[in-house]
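Asker: Below are the sequence and a predicted model for it; my questions follow.
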Amino acid sequence: MDDRTGHVGWPGDPARAAEPPPKLPADGPPVAASTDRPEAASAGAPGADPVLARESLVRAALRGVNEAVETHTVTQPAAEPSVSRETHAEPSTASGNVSRETHDDPDTPIAAAAAAAMRVTGPGAVAFPRPRETRLVAVANQKGGVGKTTSAVNMSAALALRGAQVLCIDLDPQGNASTALGVDHREGVPSIYEVLLGERSIAEVIAPTPIDGLYCAPATIDLAGAEIELVSLVARESRLQRAIAALSQPFDYVMIDCPPSLGLLTVNALVAAREMFIPIQCEYYALEGLGQLLRNVDLIRAHLNAELAVSTILLTMYDGRTRLADQVAAEVRSHFGSLVLSSAIPRSVRVSEAPGYGQSVMTYDGASRGAQAYFEAAREFAERGATTGMEP
Ligand code: ATP
Ligand code: MG
């Protein structure tokens, strides 16, 4: 698709072993991890009274509630310049449409619910364009903890909430995507493991989620043994592809959440998919191994699936207050250009809390900046699919 996808200039790449890694900021290590609750930080400042600070926040919130619902913008009272407030009208930064708000807290529960409802079901909830044929997407990166599952789940949820029929396949024995989608994945539940072993069709294991139009093929712990069990089976690399091909339910998107490895499970996903979606965490080590991942994509393309292409790269856990995040984002954008979605996902407490409630961040707190960023990323992803020839 794009010769940049074969680029091997990443820090973990042997071809680049002699080169120095990206430099840390000249003035020392990056600033400490951000808090999503700056009012707490403010309250802790010398001389600040946390009770007064919170009361004045509530008063200000009550004043601004109508404007917040109408414009999705929360204004900051001039008298409290030290408390950073959320704004969705902030202009884009050089590293993408990353809003630099510093917390997720809605002003009041009513404001949050109203704003969330406006975004999910209200006039702003315009359906995204739907592809003419199913987009088969492997969400993969062999690096662990970079936001694969979070992105697979929240992109799937955002697309479904905007009118698409989406199947999210959990291909990780950890079963994190199943958890986040509120789907039972205890041992013994019909799961993608039996599908790979040829014991069930994928239609038999698909479960509905609380979101209309969003379904999940869950993973149980049994899948941990599949890497080994698959080795001796016929067509071991294309078992998922065959299972998906036999699916009669018409999905707009099939999103496959891969485990953090390049083993047979990930190979099955890459053989089944036409697109590869790579989440990259905006952290120092996040680029390590990317060269190897892209070489594997080339191998799969050469031998097993000529249609596979890296279609999308998403920057995750972006913290605009660290120079390191900006450096990583700038480097990824300079290497991968238009493959990188302009919307980056900020580091956000709401995003990490949502799976604990068996929810996507969109349904957990649709007004939060994490939810908004995933909506924006999903819109871009959907629009690109509708305009870049990914459909026939
Ligand atoms: P694995 O390789 O283990 O499958 P992964 O790549 O799927 O991991 P996730 O599980 O999505 O990564 O995310 C790793 C951790 O980071 C999780 O605890 C998740 O809640 C958290 N996380 C992901 N995205 C964000 C975000 N935007 N803000 C805050 N926390 C996040
Ligand atoms: Mg995961």
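Answerer: Now that the structure is in, tell me what you want to look at. Ligands and ions are numbered 1, 2, ... in the order given.
Asker: need the residues of the protein near ligand 1, please.
Answerer: Counting by CB under 6 Å from any ligand atom, the chain comes close to ligand 1 at 144-150, 172, 176, 260, 316-317, 345, 347-348, 351-352, 370. Backbone N, C-alpha and C define where each C-beta goes, glycine included.
Asker: And the buried ones among these, selectable in ChimeraX?
Answerer: Burial among these is assessed by 16 or more other CB atoms under 10 Å; the matching ChimeraX selection reads:
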select :146,147,148,149,150,172,176,260,316,317,345,347,348,351,370
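Asker: So which of the residues of the chain next to ligand 1 are in helices?
Answerer: Under the assignment DSSP state H, the residues of the chain next to ligand 1 contribute 148, 149, 150, 176, 351, 352, 370 to helices.
Asker: Nearest to ligand 2 among these?
Answerer: For these, the residue nearest ligand 2 by CB to the ion is residue 149; the value is 3.2 Å.
Asker: for the stretch 251-392 of the chain, what spans make up the helices?
Answerer: Here the stretch 251-392 of the chain has its helices, by DSSP state H, counting those that start in this stretch, at 264-272, 290-303, 323-336, 349-353, 361-364, 369-387.
Asker: follow-up on the earlier one: if we check ligand 2, which of the ones in helices among the residues of the chain next to ligand 1 are in contact?
Answerer: Contacts with ligand 2 within those, counted by CB under 5 Å from the ion: 148, 149, 176.
Asker: who touches the last one in this structure?
Answerer: Translated: residue 176. 149, 170, 257, 355 (CB atoms under 8 Å, 6 or more residues apart in numbering).
Asker: Let's see which of those end up in strands.
Answerer: Counted as lying in strands by DSSP state E, out of the contacts of residue 176, are 170, 257.
Asker: Closest one of the contacts of residue 176 to residue 272?
Answerer: Nearest to residue 272, judged by CB to CB, of the contacts of residue 176 is residue 257 at 12.6 Å.
Asker: Check whether that closest one really touches residue 152, as I assumed.
Answerer: Yes: counting by CB atoms under 8 Å, residue 152 is a contact partner of residue 257 at 3.9 Å.
Asker: Touching both of these two, which residues are there?
Answerer: Contact criterion CB under 8 Å, 6+ apart; residues shared by residue 257 and residue 152: 139, 168, 177.
Asker: Give me every residue in the stretch 251-392 of the chain that's in contact range of ligand 2.
Answerer: For the stretch 251-392 of the chain, the contact set with ligand 2 under CB under 5 Å from the ion is empty.
Asker: again, only using 6 Å
Answerer: By the rule CB under 6 Å from the ion, the part of the stretch 251-392 of the chain lying against ligand 2 is residue 257.
Asker: Now do residue 315, the pLDDT please.
Answerer: You'll see residue 315 listed with a pLDDT of 97.
Asker: quick one: contacts for the closest residue to ligand 1 within the stretch 151-300 of the chain?
Answerer: As assessed by CB to the nearest ligand atom, ligand 1 sits closest to residue 260 within the stretch 151-300 of the chain, at 3.2 Å. By CB under 8 Å, 6+ apart, the residues touching residue 260 are 141, 142, 143, 144, 145, 148, 172.
Asker: Rebuild the ones in helices among the residues of the chain next to ligand 1 as JSON lines, extending it with pLDDT.
Answerer: Below are those laid out as JSON lines (pLDDT from 0 to 100):
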{"residue": "148", "pLDDT": "97"}
{"residue": "149", "pLDDT": "98"}
{"residue": "150", "pLDDT": "98"}
{"residue": "176", "pLDDT": "96"}
{"residue": "351", "pLDDT": "97"}
{"residue": "352", "pLDDT": "97"}
{"residue": "370", "pLDDT": "97"}
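Asker: Is it correct that residue 289 is in contact with residue 142?
Answerer: Yes: counting by CB under 8 Å, residue 289 does reach residue 142; the two are 5.8 Å apart.
Asker: residue ranges for the helices of the stretch 51-200 of the chain, please.
Answerer: Ranges of helices in the stretch 51-200 of the chain, per DSSP H, counting those that start in this stretch, are 65-71, 109-120, 148-161, 176-180, 192-196.
Asker: What angle do helix 369-387 and the longest one make with each other?
Answerer: It refers to helix 148-161. Compare the direction of helix 148-161 with that of helix 369-387 by axes from the mean of the first three to the mean of the last three CA atoms, to 10 degrees and you get 70 degrees.
Asker: Just give the number of residues close to residue 127.
Answerer: Residues lying near residue 127 (other CB atoms under 10 Å) number 11.
Asker: pLDDT wise, what is it at?
Answerer: Reported pLDDT for residue 127: 90.
Asker: Next up, phi/psi of it, please.
Answerer: The phi and psi torsions at residue 127 (degrees, to the nearest 10) take the values phi -60, psi 140.
Asker: Make sure it is actually in contact with residue 161.
Answerer: No: here residue 127 does not reach residue 161: they are 9.5 Å apart, not a contact under CB under 8 Å.
Asker: which residues do those two both contact?
Answerer: Between them, residue 127 and residue 161 share no contacting residue, judged by CB under 8 Å, 6+ apart.
Asker: in the stretch 101-250 of the chain, which ranges drop under the pLDDT threshold?
Answerer: 101-124 (pLDDT under 70).
Asker: Alright, that wraps it up for me.
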